[in-house]
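Undergrad: Just a sequence and a predicted model for now, questions to come.
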Amino acid sequence: MPAAATVIRPREPVAGNLTMTRVLRSEWTKLRSVRSTWWLLSTTVILTVGVAVFVSPGGASGKPASAAGFARSTQYGSVLSQLALLVLGVMVFTGEYHSGMIRASLSVVPRRLLLLWGKLGVFGAVVLALSLASSVAAFVLGALVHQPHGGRAHVWFGDPQVTRIVMGAGLVLAVTGIFGLAIGAIIRNTAAGLSTIAAIFFVLPLLLRLALPSSDQGFLRLMPSNAGGALWNAALSPTSLSPWTGFALLCGYTAALVAVAAWRLRRGDA
Amino acid sequence: MIEVENLTKRYGDKVAVDGLTFSVAPGVVTGFLGPNGAGKSTTLRMIAALDVPTSGRVRVNGRDYRSSPAPMAELGLLLEAKAVHPGRSARDHLLAIGQTAGIGKARVNEVIEMVGLGDVARKRVGGFSLGMGQRVGIAVALLGRPRTVVMDEPVNGLDPEGVRWIRALLRTLADEGCTVFYSSHLMSEMAQTATNLIVIGRGRLIACSTVEQFIAKTTATSVVVRSPEAARLRGLLGRADVRIAPDGPDLLRIDGITPEEVGTIASQAGVPVFDLRVERASLEEAFMQATHDSVEYGATGLENL
């Protein structure tokens, strides 16, 4: 227990101006200093890469019929790992609302949007780097394991559409994580946020597929998960959007959610 | 310096804060008193720009807090204990908060030592006791060496030594020129620490004065006399403006009179007096007196215990 006499504060000020760079640094400290971040990020990598390595894309070794089809098969893990990134994204905000820390955070960042941009910037950069790296790793390892060709692989980045599919899967994974962050910022409660995510990404598409007559199924391609999935499609299919249209739609949804989150954060009580 | 002007906060139909106007001066400790549900926490959150007022405005050190270039230099805030991610260490928590103002590890470590958390700074806050969590919150409030410190119930969960420590801390801050504004439901605690008082009830201002003035204004001081001829003295004092409550066979408690008058009357009549003293109401009694009409959640009694 310190004596009262130790509480003599030196006179010179210690607190500087509030800046975007400083908020980014603070958000990086927050993200790296809880264990769940590292668990969920490693889960993302392990699932993305693990599925490519350990799940055979089917067919015998040798040059596959379509390089694009093979490249796509190495990215199936991201369908699973997007769940981990969605959870992590949701918890970026709901973790703070749950513990009450949001009030400590906003009390030192009274220009509230800085906090949203800070979280978005740090989380976005981390998931983008990690998603692209794990998608590339999934393809490279998948190709080396399943398509060996004298120390190299049959299918490589120069083949038609391969780069778009591999990088695309990584991009979609990253944007999906940011989608989760925006949902968490709007809903502010972990359980409710995760349920919403589950509904949007898993339950609704399934229900709609069962409920809608087959003539109306075109609507399904507008669901966020399907719109994003179009970016790493191997072949154009009538039931999905073209790759970049689909990706643009996913980005549009995410941007709209971020705008709602910004509006909600700015105007109400913390 | 905190200036609150016509501050009002409504939640639907319910008015939590109702046209509050007061100011908190630098250099003294100002206490914030009120029954549960009086609107203290809501007011403190509006001062820190966490809650948005329905109408009215707040200025911290002369400006809207949201427009401060360096918020941590202006306001240090303690709202709730353990508002920390349970999986994060106290040190990382303070570092993350401080980094928004360019505060680094050296200052974080200094504040951690100052609040007495040196041994546990690297442990996860989830395992902290209420008192330790409170110290983390106090450390956050002091981290930026702010000109104004606002704390909601800072002694909550602290042991007696911790309470003495925070008392000294608040006074030291005030002596250094800080504006210190804190709420407590422990009136005896506040009587020992605060110089000025803001009292509210049902969101309205009840009093804004020094602790001494508040007690003097809201409750009468009594004169207590012990005399073997209490009954005779009582007769001599029986004027209309003097109320006498017998307090035992030879004791009188008299309101609305000075001890000088009692002594003079007794001496002139030859009544022996063994004891003559002034009894002032405590802050607690003054508070109950001032707020009994505005208690939001009052217990009704103990009959059905």
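TA: On my side now, so go ahead. Residues are numbered from 1 along each chain as shown, chains lettered A, B, ... in the order given.

Undergrad: Name the helix or strand for the spatially most central residue of chain A, please.
TA: By CA atoms, centre = their mean, the mean C-alpha position of chain A lies nearest to A:Gly177, the distance being 2.1 Å. Secondary structure assigned from DSSP states H and E places A:Gly177 in helix A:162-187.

Undergrad: Could you list every helix and strand in contact with that helix?
TA: Judged by 3 or more CB pairs under 8 Å, 6 or more residues apart in numbering or on different chains; DSSP states H and E, the packing partners of helix A:162-187 are helix A:67-73, helix A:77-99, helix A:113-146, helix A:190-198, helix A:224-229, helix A:243-267. In short, each C-beta sits where N, CA and C put it, glycine included.

Undergrad: which residues sit against stretch A:248-268?
TA: Contact with stretch A:248-268 is made by A:93, A:112-113, A:115-116, A:120, A:172, A:175-176, A:178-179, A:182-183, A:185-186, A:222, A:224, A:227-228, A:231, A:241, B:52, as judged by CB atoms under 8 Å, 6 or more residues apart in numbering or on different chains.

Undergrad: For that stretch, list every residue counted as buried.
TA: Along stretch A:248-268, these residues count as buried under the neighbour rule (16 or more other CB atoms under 10 Å in any protein chain shown): A:249-251, A:253-254, A:257-258, A:261-262, A:265.

Undergrad: ok, these vs B:Arg277, which is closest?
TA: A:Leu265 (59.6 Å; CB to CB).

Undergrad: Do I have it right that A:Gly168 meets A:Leu231?
TA: Yes: counting by CB atoms under 8 Å, A:Gly168 does reach A:Leu231; the two are 3.8 Å apart.

Undergrad: which stretches of the stretch 1-150 of chain B have low pLDDT?
TA: Within the stretch 1-150 of chain B, the set of residues satisfying pLDDT under 70 comprises B:81.

Undergrad: if we go to 80?
TA: Applying pLDDT under 80 to the stretch 1-150 of chain B flags the ranges B:81-82.

Undergrad: Now do the strands in it.
TA: Assigned by DSSP state E, counting those that start in this stretch, the stretch 1-150 of chain B shows strands spanning B:2-11, B:14-24, B:29-33, B:55-60, B:75-78, B:148-152.

Undergrad: Any chance of these in TSV with mean neighbour count and distance to chain A as columns?
TA: Output for those, formatted as TSV (neighbours: other CB atoms under 10 Å in any protein chain shown; distance: least, CB to the nearest CB, whole Å):
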stretch	mean neighbour count	distance to chain A
strand B:2-11	18	9
strand B:14-24	18	11
strand B:29-33	25	14
strand B:55-60	17	10
strand B:75-78	26	5
strand B:148-152	24	9
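
Undergrad: about what we covered before: tell me how far the helix holding A:Gly177 lies from the chain's centre.
TA: 4 Å (CA atoms, centre = their mean, to the nearest Å).

Undergrad: Hey, what's the angle from it to helix A:243-267? Just curious.
TA: 20 degrees (axes from the mean of the first three to the mean of the last three CA atoms, to 10 degrees).

Undergrad: which residues touch B:Leu251?
TA: B:224-226, B:230.

Undergrad: Now, these that are in helices?
TA: Applying DSSP state H to the contacts of B:Leu251, the entries found in helices are B:Ala230.

Undergrad: Now flag whichever of the buried residues of stretch A:248-268 is closest to chain B.
TA: Of all the buried residues of stretch A:248-268, A:Leu265 has the smallest distance to chain B: 11.7 Å, by CB to the nearest CB.

Undergrad: quick one on the thing from earlier: among the contacts of stretch A:248-268, name the buried ones.
TA: A:93, A:112, A:115-116, A:120, A:172, A:175-176, A:178-179, A:182-183, A:185-186, A:224, A:227-228, A:231, A:241.

Undergrad: Quick check: beta-bridge partners of B:Asn196?
TA: On the basis of DSSP bridges, B:Asn196 is bridged to B:Thr30, B:Thr210.

Undergrad: what's the distance between it and B:Arg59?
TA: 18 Å (CB to CB, to the nearest Å).

Undergrad: do the same with B:Thr179
TA: Relative to B:Arg59, B:Thr179 is positioned 12 Å away (CB to CB).

Undergrad: where do the contact lists of these two overlap?
TA: B:1-2.

Undergrad: show me the contacts for the nearest residue to B:Ile2 once chain neighbours are set aside.
TA: Distances taken as CB to CB, 6 or more residues apart in numbering or on different chains put B:Val24 closest to B:Ile2, at 4.1 Å, once the chain neighbours are dropped. By CB under 8 Å, 6+ apart, the residues touching B:Val24 are B:1-3, B:30, B:179, B:181, B:196, B:198.

Undergrad: could these be laid out in TSV, adding distance to A:Ser36?
TA: Conversion of these to TSV gives the following (distance: CB to CB, whole Å):
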residue	distance to A:Ser36
B:Met1	42
B:Ile2	38
B:Glu3	42
B:Thr30	41
B:Thr179	39
B:Phe181	36
B:Asn196	45
B:Ile198	42
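
Undergrad: Nearest to B:Glu189 among the residues you listed?
TA: B:Thr30 (14.1 Å).

Undergrad: Please look at the closest one and B:Ala194 and confirm they touch.
TA: Yes: the pair B:Thr30 / B:Ala194 is scored as a contact, 6.2 Å apart, by CB under 8 Å.

Undergrad: so what's in contact with these two at the same time?
TA: B:Tyr182.

Undergrad: name the helices or strands packed onto the helix or strand where A:Val23 lies?
TA: Using DSSP H and E, A:Val23 maps to helix A:20-32. Applying 3+ CB pairs under 8 Å, 6+ apart, we find helix A:20-32 packed against helix A:113-146, helix B:90-99.

Undergrad: Would you point to the one among those that's packed deepest?
TA: helix B:90-99 (a mean of 25; mean count of other CB atoms under 10 Å in any protein chain shown).

Undergrad: now check that one, is it near chain A?
TA: Yes: Helix B:90-99 comes into contact with chain A (CB under 8 Å from any CB of the partner chain), by way of B:92-93, B:95-99.

Undergrad: Figure out how far that helix is from the centre of its chain.
TA: 28 Å.

Undergrad: so how far is the first residue of stretch B:194-209 from its last?
TA: From its first residue to its last, stretch B:194-209 covers 11 Å (CA to CA, to the nearest Å).

Undergrad: do the same with stretch B:214-227
TA: Note: stretch B:214-227 ends 31 Å apart using CA to CA.

Undergrad: for it, which positions count as buried?
TA: B:214-215, B:218-220, B:222-227.

Undergrad: likewise stretch B:164-172?
TA: Buried positions in stretch B:164-172, judged by neighbour count with 16+ other CB under 10 Å: B:165-172.

Undergrad: all helices of the stretch 51-200 of chain B, in order?
TA: B:71-74, B:90-99, B:105-114, B:130-143, B:160-175, B:187-193 (DSSP state H, counting those that start in this stretch).

Undergrad: Which elements pack onto the third one?
TA: Translated: helix B:105-114. helix B:90-99, helix B:130-143.

Undergrad: Using PDB, write down the CA coordinates of it.
TA: Output of helix B:105-114 as PDB, limited to C-alpha atoms (Å, rounded to 0.1, in the frame of the first residue of the first chain):
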ATOM      1  CA  LYS B 105       5.200   2.300 -20.600                       C
ATOM      2  CA  ALA B 106       7.200   4.500 -18.200                       C
ATOM      3  CA  ARG B 107       4.200   6.600 -17.100                       C
ATOM      4  CA  VAL B 108       2.000   3.500 -17.000                       C
ATOM      5  CA  ASN B 109       4.400   1.800 -14.700                       C
ATOM      6  CA  GLU B 110       4.600   4.900 -12.500                       C
ATOM      7  CA  VAL B 111       0.900   5.000 -12.100                       C
ATOM      8  CA  ILE B 112       0.700   1.300 -11.400                       C
ATOM      9  CA  GLU B 113       3.200   1.700  -8.600                       C
ATOM     10  CA  MET B 114       1.300   4.700  -7.300                       C
END
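
Undergrad: Can you check what angle separates that helix from helix B:90-99?
TA: Using the same axes, to 10 degrees: helix B:105-114 against helix B:90-99 is 130 degrees.
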